[in-house]
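K.L.:
Pasted the sequence and its predicted model underneath.
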Amino acid sequence: MASVYGIIKRTYLGMRPPIVSPLPDSKPLKFGILGAAAIAPNALLTPAKSHPEAVVVAVAARSKAKGDEYARKHGIAKVYGGPAGYQEMLDDPEIDVIYNPLPNGLHFEWTMKALAAGKHVLLEKPAANTAEEIRQMFELAERKNLVLLEAFHYRFHPAVQRVKAIIDSGELGPLKSMQTSLAFHLGYFKPGDIRFDYSLGGGSLMDMGCYNISAMRFFAGGDPTSVLSATHELDSPQVDRQTSATLVFPGGVTGTTFCDFGMPPYLKLIPRLPRLGAVIECEGGRIAMMNYVMPTMYHSITVTPQKGKRRVEKVYTFPTLGEPWWSTYRYQLEAFVNKVKGRTPQAWIAKEDSIANLAAIESIYAKTGLGSRPKSGFIPTL
Ligand SMILES: NC(=O)C1=CN([C@@H]2O[C@H](COP(=O)(O)OP(=O)(O)OC[C@H]3O[C@@H](n4cnc5c(N)ncnc54)[C@H](OP(=O)(O)O)[C@@H]3O)[C@@H](O)[C@H]2O)C=CC1
Ligand SMILES: O=C1OC[C@@H](O)[C@H](O)[C@H]1O
């Protein structure tokens, strides 16, 4: 019962956080959103309400009418609309940070343009369609002394950090294998969704598998050295609805991943429950984390040592940071603002991390025969 109350309270406060006033002695970072994207309310607009140093001041949308409607709904002051709207927002001197939640295949072009315009960028996952494009974006950010972060929000949550700490503590001995899953039932995404479009960087491995790969690389503390096996089921030619793969990590550790953005109903009738778990097997026991991607609503970390007592941990805050209702996105925003302000963030995702993640995705797509998602046609002038 207590946990049901906790779920309701965290969910309620997460969606309607206490609104904080700006700090008197720190200028808030002003954000502009590229595209009236579905994810922006959860990933930025709501978290910003409880952050004293972050404010969303603008949105750009291809259709001015859509942008106006979105801005009205979310209380955003400025709208840039029409074919030139995205670039006009990048050129707005009031804006410090661009949040880029465009379809994956447009991440490279608009992040390069935002960096060229002198803006920091909070960039949705996966950072781009190819590892090479990610390298180029980070190189430009470095040259311009700007912050660029791939928004793998789950990493910033204390529960995920706790799993990593248990592994690294050696309590359960050396790591042996990992399994990660992220899957939703058929119909979760509607026809026409960007995830089904190869030309926009669609595919289940790109959209959902990217979390699994990122998590396994984080837990293993290294990058996969080979892809042992990989299979897929197609949604349409070149677009995987489901991908399963087993990767080999340094030391012979194996990592198996399953992602699906449209699991068909069981016996063609019963909808499948979401799968959002991570299981880590060590020589001296195992850790099972339920809901590693969105742990704020609810999660559990079950630690089963071979010798000793099984225990369940739940971790919603760091000792000196956070509130139980802080979403992964709120923790991420905290880190991002700290980084831009020159303070040390509680966690970070560095250039090499983002590049290696997409490199692993590309090697799985190479193994399944689908190949990488198309490179952007945008040619930077810098
Ligand atoms: N961090 C997280 O938890 C999540 C991250 N994501 C990531 O965020 C990104 C966006 O996802 P989501 O918000 O679900 O997607 P949406 O389709 O809702 O948003 C994408 C936006 O891109 C703009 N756009 C520009 N060009 C195109 C085009 N050719 N086709 C379609 N849209 C275009 C549209 O803006 P407009 O027309 O208004 O200009 C649209 O609002 C993806 O990279 C995804 O992986 C998604 C969900 C969760
Ligand atoms: O980033 C994401 O998080 C969870 C999923 O619902 C979604 O497909 C994905 O884009």
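P.N.:
Alright, I've got the coordinates. Keep in mind that this is a model prediction, so the values were computed, not measured. Ligands and ions are numbered 1, 2, ... in the order given.
K.L.:
Can you list the low-confidence ranges for this protein?
P.N.:
Applying pLDDT under 70 to the chain flags the ranges 1-2, 382.
K.L.:
try 90 this time
P.N.:
1-3, 21-26, 381-382 (pLDDT under 90).
K.L.:
what does it put close to ligand 2?
P.N.:
For the chain, the residues in contact with ligand 2 under the definition CB under 6 Å from any ligand atom are Lys125, Asp207, Met208. C-betas here are computed from N, CA, C, even on glycine.
K.L.:
Out of those, which are close to ligand 1?
P.N.:
With CB under 6 Å from any ligand atom as the criterion, the members of those in contact with ligand 1 are Lys125, Asp207.
K.L.:
neighbour-wise, which of the residues of the chain next to ligand 2 leads?
P.N.:
The member of the residues of the chain next to ligand 2 surrounded by the most neighbours (other CB atoms under 10 Å) is Met208, with 24 neighbours in all.
K.L.:
Just say helix, strand or coil for Phe184.
P.N.:
Assigned by DSSP: H, G, I helix; E, B strand; the rest coil, the conformation of Phe184 is strand.
K.L.:
residue in the stretch 151-300 of the chain nearest to ligand 1?
P.N.:
When scored by CB to the nearest ligand atom, the stretch 151-300 of the chain has Ile194 as its residue closest to ligand 1, at 4.5 Å.
K.L.:
Next up, the contacts around that residue.
P.N.:
Shown here is Ile194, whose contacts under the criterion CB atoms under 8 Å, 6 or more residues apart in numbering are Pro103, Asn104, Leu200, Gly202.
K.L.:
Now, those residues that are in helices?
P.N.:
The helices, defined by DSSP state H, take in Asn104 from the contacts of Ile194.
K.L.:
wait, Phe258 sits on Asp240?
P.N.:
No. The pair Phe258 / Asp240 is not scored as a contact, 11.7 Å apart, by CB atoms under 8 Å.
K.L.:
Give me the more crowded residue out of the two.
P.N.:
Asp240 (28 against 20).
K.L.:
At which residues are the strands of the stretch 251-382 of the chain located?
P.N.:
Listed from the start of the chain, the stretch 251-382 of the chain has strands (DSSP state E, counting those that start in this stretch) covering 253-263, 277-282, 285-290, 300-305, 311-313.
K.L.:
Just checking: what are the partner strands of the fourth one?
P.N.:
If you go by DSSP bridges, strand 300-305 pairs up with strand 285-290 (antiparallel), strand 311-313 (antiparallel).
K.L.:
Hey, what's the angle from the longest one to strand 277-282? Just curious.
P.N.:
Which is strand 285-290. Using axes from the mean of the first three to the mean of the last three CA atoms, to 10 degrees, one finds that strand 285-290 and strand 277-282 are set 170 degrees apart in direction.
K.L.:
which residues are in contact with strand 285-290?
P.N.:
Judged by CB under 8 Å, 6+ apart, the contacts made with strand 285-290 from elsewhere in the structure are 159-160, 163, 166-167, 171-173, 276-280, 295, 298-306, 308.
K.L.:
Write the ChimeraX selection for whichever of the residues you listed are buried.
P.N.:
Buried subset of the contacts of strand 285-290, written as a ChimeraX selection, criterion 16 or more other CB atoms under 10 Å:
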select :159,160,163,166,167,172,276,277,278,279,280,295,298,299,301,303,305
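K.L.:
element containing the residue lying closest to Lys144 once chain neighbours are set aside?
P.N.:
Leaving aside its sequence neighbours, Lys144 sits nearest to Leu115 (CB to CB, 6 or more residues apart in numbering; 5.8 Å). In this structure, Leu115 sits in helix 104-116 according to DSSP states H and E.
K.L.:
Counting by contacts, list what that helix packs against.
P.N.:
For helix 104-116, the contact count by 3 or more CB pairs under 8 Å, 6 or more residues apart in numbering; DSSP states H and E identifies helix 85-90, strand 97-100, strand 120-123, helix 131-143 as packing neighbours.
K.L.:
could you redo the last one with a cut-off of 10 Å?
P.N.:
Counting by 3 or more CB pairs under 10 Å, 6 or more residues apart in numbering; DSSP states H and E, the packing neighbours recorded for helix 104-116 are strand 29-34, helix 85-90, strand 97-100, strand 120-123, helix 131-143, strand 148-150.
K.L.:
Redo these as CSV? Include mean neighbour count and distance to ligand 1.
P.N.:
Rendered in CSV, the data for those read as follows (neighbours: other CB atoms under 10 Å; distance: least, CB to the nearest ligand atom, whole Å):
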stretch, mean neighbour count, distance to ligand 1
strand 29-34, 26, 7
helix 85-90, 20, 7
strand 97-100, 27, 8
strand 120-123, 27, 9
helix 131-143, 19, 13
strand 148-150, 26, 10
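K.L.:
possible to save these as JSON lines with distance to Pro22?
P.N.:
What follows is the helices and strands packed on helix 104-116, written out as JSON lines (distance: least, CB to CB, whole Å):
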{"stretch": "strand 29-34", "distance to Pro22": "11"}
{"stretch": "helix 85-90", "distance to Pro22": "22"}
{"stretch": "strand 97-100", "distance to Pro22": "15"}
{"stretch": "strand 120-123", "distance to Pro22": "18"}
{"stretch": "helix 131-143", "distance to Pro22": "26"}
{"stretch": "strand 148-150", "distance to Pro22": "22"}
